[in-house]
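Enquirer: quick one: sequence and predicted model below, then my questions.
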Amino acid sequence: MKKLILVTFLVMAFVYPAMPKGDVKLKNIRYYPYSDYTRVVLDLTGEIKINEKILPGQSVSRMYFDLIRCELDRSFPPEKKEGIEIDAGNLKRIRLGRRKTSTYRIVFDFDHIGNYHMFYLTSPFRIVFDIFQERDNGQTPETIIATPSTPPQSIDGNYSIARQLGLGVHKIIIDPGHGGKDPGTSNKSLQVHEKDLVLDICKQLKKMLEEHNNKYEVLLTRDSDVYLSLEERTAIANSQKGDLLVSVHLNSAPRKKARGIETYFLSITTDPWAIQVAAQENAVSTKSIGEMKSIIEQILKNAKISESKVLSSMIQEHLVKNLKMKYNEICDLGVKKAPFYVLVGAQMPSVLAEVSFLSNSDEGKRLKTPPYRQAIALGLFEGIMAYIKSLGKG
Ligand SMILES: [Zn+2]
C-alpha cells in the first residue's frame, strides 16, 4: 500500500515577532541521512530571523533560505564550511555561504524534492528539516509549498486513516529515554539513574514483542548507554518507517510523595504539571514549552493524534492493570497531552510513557527490583498488543 504522504509546510512559524537582540551564531549542521528520509538540524545560539520566503532555486533540485544576522560560530566544524556531501536518498548536499554582511545562505541540493517539514525546537534553538524522498503524485514542489496544511485526520473521531484502511503494525520502535552523558532523573539515595532502568525495561519489552508469534520487528533507538539527541530518536523512527513509537521514561517531582503512572501523547496543554514534565524531558524551561504552542499547533494538523491517543490510553490501562495485580498503591494518573520534543515530527502513532516516579522512595525501591521492571515491560507489551488488536489486525 502506498504510504500516505501528508503535505506540510510550516513557514509561518518562522516569522518571529521580535528581532533577535544580537547576532546569532550557527554552531553546527547535523544530519541523519537515510535512504528515503533525512533529518537536518541547524544548531544556533539563539532565535533567528529566517528569510520567510523559502523558494526552490532556479531548478526544482535546489532549495535555499537565508539566516539573517547570523555568523558562523567559532566552534562550527571546519570540514563542513565548504559544504556537506550527503548523498543519501534525494538530498545530495548542503552548501552554505555568506550572502551579504551577516546573512548566511543555506542551500539544499536535491536530485528531486519530495515533501519536507520544517520546525524549530528551543534551548538551544535549532531548526529542524524533515526531508522525504517521496511526494504526492503529480505535485510539483511549488504546489507543495503553496498548499496549505492538509486538514486534520479526524482528530477526535474514531475513523482515522489507519483504521479506515486497516493498516496493520509490523515495525515497532521502542525508545529508552536519555543515555550516555544524559542520565535523566536520578535517585541519589538509591544510586540509580533513569537511563539505566528504562533501558532494561525496553530490552525486556523488545524481547516480549519479538517472541510474540515472530510477527513484529522491534527496534530500540539505543541498546546501550549512549547519548542520542531527541531529534535523532525521531529521525530513527521515521527513517525505519516504524508503525509505532513508544518512548519510555521515569517521572520525578519535587514533592517526594508524588507517585503513579501517566502516559502522554503530543499536544499543547495548559496543565501546569504536564508542562513541567515536558520541560524536564525536553531539557528546557517551562517558558520554552509555552513558546512552542504555535509550532506544535501546526505540526498537530498532520500528526497521528487520534491514533496516538488510543495507543496511550491502552498503554496506560495495561500498565496500571498489570502493576495493580502485584503491587499495592499503584496510582493511575491517566492519559495526558504535552509537547514532547521526541514526538515532534514522528510520522507514526507515538506516545511517551512515564512508568513510575524515581523520586518517590517506594517506587524508586521497586524500580530497583527486576520483577517490578518486568511487570512494567509486560504492561507496555499488553498495551501495545491491545492497540494492534483494536486496529483489527492483531
Ligand atoms: Zn525522561
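Expert: Structure's in. What do you need?

Enquirer: quick check: residues of the stretch 251-394 of the chain near the ion?
Expert: Counting by Cβ under 5 Å from the ion, the residues of the stretch 251-394 of the chain close to the ion are residue 281. Placement of C-beta: from N, CA and C, glycine included.

Enquirer: repeat the analysis, applying 8 Å as the threshold.
Expert: The stretch 251-394 of the chain comes close to the ion at residues 251, 280-281, 354, as judged by Cβ under 8 Å from the ion.

Enquirer: so of these, which ones are in strands?
Expert: Cross-referencing these against strands under DSSP state E gives 251, 354.

Enquirer: residue 193: neighbour count?
Expert: The burial count assigned to residue 193 is 20, neighbours taken as other Cβ atoms under 10 Å.

Enquirer: enumerate every residue touching it.
Expert: 178, 183-186 (Cβ atoms under 8 Å, 6 or more residues apart in numbering).

Enquirer: now the buried members of the residues of the stretch 251-394 of the chain next to the ion.
Expert: 251, 280-281, 354 (16 or more other Cβ atoms under 10 Å).

Enquirer: smallest gap between the stretch 151-300 of the chain and the ion, at which residue?
Expert: The stretch 151-300 of the chain approaches the ion most closely through residue 249 (3.4 Å), counting by Cβ to the ion.

Enquirer: A strand includes that residue, no?
Expert: Yes - under DSSP: H, G, I helix; E, B strand; the rest coil, residue 249 falls within a strand.

Enquirer: from residue 233, how far off is the nearest residue to it once chain neighbours are set aside?
Expert: Nearest non-adjacent residue to residue 249, counting by Cβ to Cβ, 6 or more residues apart in numbering: residue 177, 4.1 Å away. Note on residue 177: its distance to residue 233, by Cβ to Cβ, to the nearest Å, is 9 Å.

Enquirer: now residue 110
Expert: 25 Å.

Enquirer: ok, residue 211 next?
Expert: Counting by Cβ to Cβ - residue 211 and residue 233 are separated by 24 Å.

Enquirer: do the same with residue 168
Expert: For residue 168, the distance to residue 233 equals 23 Å [Cβ to Cβ].

Enquirer: so which of the contacts of residue 193 sit within strands?
Expert: Using DSSP E, the members of the contacts of residue 193 that fall within strands are residue 186.

Enquirer: separate out the buried members of the contacts of residue 193.
Expert: Buried members of the contacts of residue 193, counted by 16+ other Cβ under 10 Å: 178, 184-186.

Enquirer: the residues you listed: which ones sit near the ion?
Expert: Applying Cβ under 8 Å from the ion to the buried ones among the contacts of residue 193, one finds that 178, 184-185 fall near the ion.

Enquirer: check which helix or strand the nearest residue to residue 182 once chain neighbours are set aside maps to.
Expert: Distances taken as Cβ to Cβ, 6+ apart place residue 227 nearest to residue 182, at 5.8 Å, with adjacent residues excluded. Residue 227 is part of no helix or strand when elements are defined by DSSP states H and E.

Enquirer: surely residue 227 touches residue 179?
Expert: Yes - counting by Cβ atoms under 8 Å, residue 227 touches residue 179, with 5.4 Å between them.

Enquirer: can you find the helix or strand of the chain with the lowest average pLDDT?
Expert: Using mean pLDDT, DSSP states H and E, helix 141-146 stands out as the lowest-scoring helix or strand of the chain, at a mean of 30.

Enquirer: burial measure for residue 220, as a count.
Expert: Residue 220: 17 surrounding residues under other Cβ under 10 Å.

Enquirer: mind checking the backbone torsions on the closest residue to it other than its chain neighbours?
Expert: Spatially, and ignoring its direct neighbours in sequence, residue 220 is nearest to residue 174 (5.3 Å; Cβ to Cβ, 6+ apart). Torsion angles at residue 174 (phi, psi; degrees, to the nearest 10) stand at phi -110, psi 130.
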